[in-house]
Every structure is written in structure tokens, then in C-alpha cells.
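Undergrad: Sequence and predicted structure are below.
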Amino acid sequence: MGISGVTTSFFVFSAMRVIHGCLNSASNPLSFSLIADYFPPDKRGTANSIIQAGNYIGVGVSSLSIMLISKFGWRASYMAMGAAGIVCSLLTLLGIKEPERGRYMDEAAKQKEAEKKAKAAELASQGGNPIAAFFKNIGEVVKLPCARNVLIASSLRNFGGMIVSSFLPVFFGKNFPAFKAEYALLNAMALSICGFVASLSGGIISDKFEKKSYWTKALICMFGCAMSVPLIALGTLSTANFYLSVACYALKVLVSGTYSGPAITMIQNTSPLSQQGNVISVYFFCITFAQTISPAIMTVFANKLGCLTNPAMYGPLITAAVAFGYLGSLPFWFAGGKAYKKHMEEKDAQEAAGLLEGA
């Protein structure tokens, strides 16, 4: 980030953006794999949601960069973010230690995972194509019924979510041109405050009520996706009131932002220890792919419908995209929740049988 702020070469600037993207993407599998080792299954929803809550704060505060760039310029903005990144990296290096792998597994499960790890190490020592190995890992992950359905549901949800993130600023800028400063501030508040509260509460609620019903995590995801559609429709199909549209968006963030902690935890709790890094890698690969293609598809439809000359058309288009992604994810959340419930009940039965044998 810092180099991006001082370079005068477009090639170097582009290269720094690519490197930044690669390094940032690598952090997700590592972070959530650490969560699986640091926290027991009944606390992972809360732990995962705290990490995701930080993303909402970051994205929300980044909205204020419009003001920062206007006052100090984009180069100063890049250098400030680079300096902040270095400080956070040093704090992470000093404060986070490598945990014991599989600390919450029983001895039989640890032995089984150790055998898998030894076999994987043997195969890795024989060499091979890393790209082929990556797609092989994807194949292993999609064999897991809960992970497979959660991946599809999350991808659809993020397809619609990225269109909201990419085109809602265009909607507000075109339909409410006199409220640009207000939008920058209120958007930052909506993402930071509502996103933080939503992400944190989603994880806490999913952990708290998990003991009563293993459906809790899936229901949280389904409720957030279902409620997002009418809120986006109310906020974008009418361009009569700026503050009503912003309020609807804030409420949408509040209900839809609850999904990430429970979704990731469902994958973690139903995947073998040896696959923890892989499932998170595949998870973020899938949602990033959905986030990448959705703006391009949306742009094609926006051009076809003449949104540039008729900005009000952005509203129906955004609503349709959200309905496709969010409502389309519901059957997969349901299937993922069903598989999660089955897996956890079988795990409980095995643990109960082990305790009886030990007694």
C-alpha cells in the first residue's frame, strides 16, 4: 500500500495492487484455521463473527477515504493505510502464537488426523502440479454435504451482496446528487455500526442457541437473506426520500450481516482437521469469484436498460439482483443446515458412546 502511494509508474502501481490482493487473500485461510484451533466448536461462531465484524468496520471507515482523498490526496491516503498495516502486522506477530493443532479432539480423532496428515505429507514430498492439487482439494471439500451447500449459498448471497456494494453508491450518486457528503458519512456509519453489531450478534446468538437446536446457524443465515430483499426493494424502488433509502440500506446490513460467522462455523465444525485450511480457502475462493463476476454481469444489464440516462432503473435492477442471489441461496442454506444437524447429532452420539465405554 505504501509503495502504491509513492510510485509514479502505472506498471508498479498495478503490480502492487496484485501483490496486495494475493497477500490479503492468503490471510483468510490462516486466520480461520487458527480460530478452529484456538476455540472449541461451541465458541467458534462468536470468534469467527468478531473477525468478520472487523471487516465491516474497515469497509465502513474506508467510505470516509473520499473525504481524506479530497483533503490530502490519494497518495497520502495510500501511505497512511500502508503505515497502519505495518503496525497491525507487528502487533499480530507479537500477540498471536501458534496453537496446538486438534486440541479439542479426542485421542481417537487425533490419531486418525495424524494418519491423514502423514499420508498427505508423503504425497506432497512426491511433488506434483500445485494447480492440480488445489482443484483436488476443491473436490475433497465439495464431497462434504454441509460445506458444499454452505459454499453455494454463500456464493449466491455474495453475488447479490457485491452488486449492492458496487452499485448502491452509483444509485445514490445518480438519484441523490445533492447528498454526496451525507451519503459518505451515513454509509460509513451503516457499515461500521450496523455491520459490526450484525456480525457480532450473529455469532453470539448462533453459539448461545446451538445447544437448543443445531438449526440455529442455518436459520440465522436464512432469515438475513430473506429479509434483505424487501428492505432493498423499499430503499431502491423509490427515489423520493434520500433518508428512507439510507435507512433501508442500514437495516439491510443489520439483518444480512449476521450470516458470516455462523456460515464459516458450520463448515469448520463439519470438516476434518486436515481440511480446515482447505475449506476456508475454497470458501473465500468461491465468494470472491461470485463477487468478481457479479459487477460485470450487472454492468451489462445496466447498459442494456439505459441506466446511465435513466438512473431510476438502477433500483429495479439492484432489487432483482438481490432477489436472485439472496432468495436463491435459501434452499442451499436449508440443505446445509440439515446436513449440519445430522453431522453434529452423529458426533454427539459417538462421544456419548465413547463416554459409556470409558465408564
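TA: Received the coordinates, thanks. Since this is a predicted model, take the numbers as computed values, not measurements.

Undergrad: Tell me how many other residues surround residue 13.
TA: Per other CB atoms under 10 Å, the neighbour tally for residue 13 reads 15. Placement of C-beta: from N, CA and C, glycine included.

Undergrad: residues in contact with it?
TA: When contacts are counted by CB atoms under 8 Å, 6 or more residues apart in numbering, residue 13 touches 4, 7.

Undergrad: I'd like the next helix or strand past the helix or strand in which it is found.
TA: Element membership of residue 13, judged by DSSP states H and E, is helix 10-38. Using DSSP H and E, the next helix or strand after helix 10-38 towards the C-terminus is helix 44-62.

Undergrad: next one: that following helix to chain centre, how far?
TA: 9 Å (CA atoms, centre = their mean, to the nearest Å).

Undergrad: Go through it and flag the buried ones.
TA: Neighbour-count burial for helix 44-62 flags 44-53, 56-57, 60 (criterion: 16 or more other CB atoms under 10 Å).

Undergrad: Any figure for the gap between residue 348 and residue 89?
TA: Using CB to CB, to the nearest Å, residue 348 is found at 40 Å from residue 89.

Undergrad: mind checking the SS state of residue 185?
TA: helix (DSSP: H, G, I helix; E, B strand; the rest coil).

Undergrad: and it, how many neighbours does it have?
TA: Count around residue 185 with other CB under 10 Å applied: 14.

Undergrad: just use 56 as the starting number from now, easier for me
TA: All right, first residue 56 from here; so that's residue 240.

Undergrad: in stretch 351-368, what counts as buried?
TA: Buried, per 16+ other CB under 10 Å, within stretch 351-368: 353, 357, 362, 366, 368.

Undergrad: Just to check, the third one is in contact with residue 372?
TA: Yes - with contact defined as CB atoms under 8 Å, residue 362 counts as touching residue 372 (6.7 Å).

Undergrad: Mind checking what secondary structure residue 226 has?
TA: Applying three-state DSSP: residue 226 is helix.

Undergrad: Contacts only, for it.
TA: Counting by CB under 8 Å, 6+ apart, residue 226 has contacts 291, 366, 369, 370, 373.

Undergrad: 7 Å instead, please
TA: By CB atoms under 7 Å, 6 or more residues apart in numbering, the contact set of residue 226 is 291, 369, 370, 373.

Undergrad: Which pLDDT value belongs to it?
TA: Looking at residue 226, its pLDDT is 92.

Undergrad: what's the answer for residue 114, then?
TA: At residue 114, pLDDT is 68.

Undergrad: One more: residue 238?
TA: Per-residue pLDDT puts residue 238 at 87.

Undergrad: try residue 178
TA: For residue 178, the predicted pLDDT is 53.

Undergrad: for the one 10 residues further on, same thing?
TA: Per-residue confidence for residue 188 comes out at a pLDDT of 66.

Undergrad: Wait, residue 306 touches residue 286, no?
TA: Yes - Residue 306 is within contact range of residue 286, at 5.2 Å (criterion: CB atoms under 7 Å).

Undergrad: Skip the chain neighbours and tell me the closest residue to residue 390.
TA: In this structure, residue 390 finds its nearest non-sequential neighbour in residue 204, 4.3 Å apart by CB to CB, 6 or more residues apart in numbering.

Undergrad: Mind telling me what element the one you found is part of?
TA: Here residue 204 is assigned to helix 200-230, by DSSP H and E.

Undergrad: Show me what counts as buried in that helix.
TA: Going by 16+ other CB under 10 Å, helix 200-230 has these buried residues: 200-219, 221-227, 229-230.

Undergrad: No further questions, thank you.
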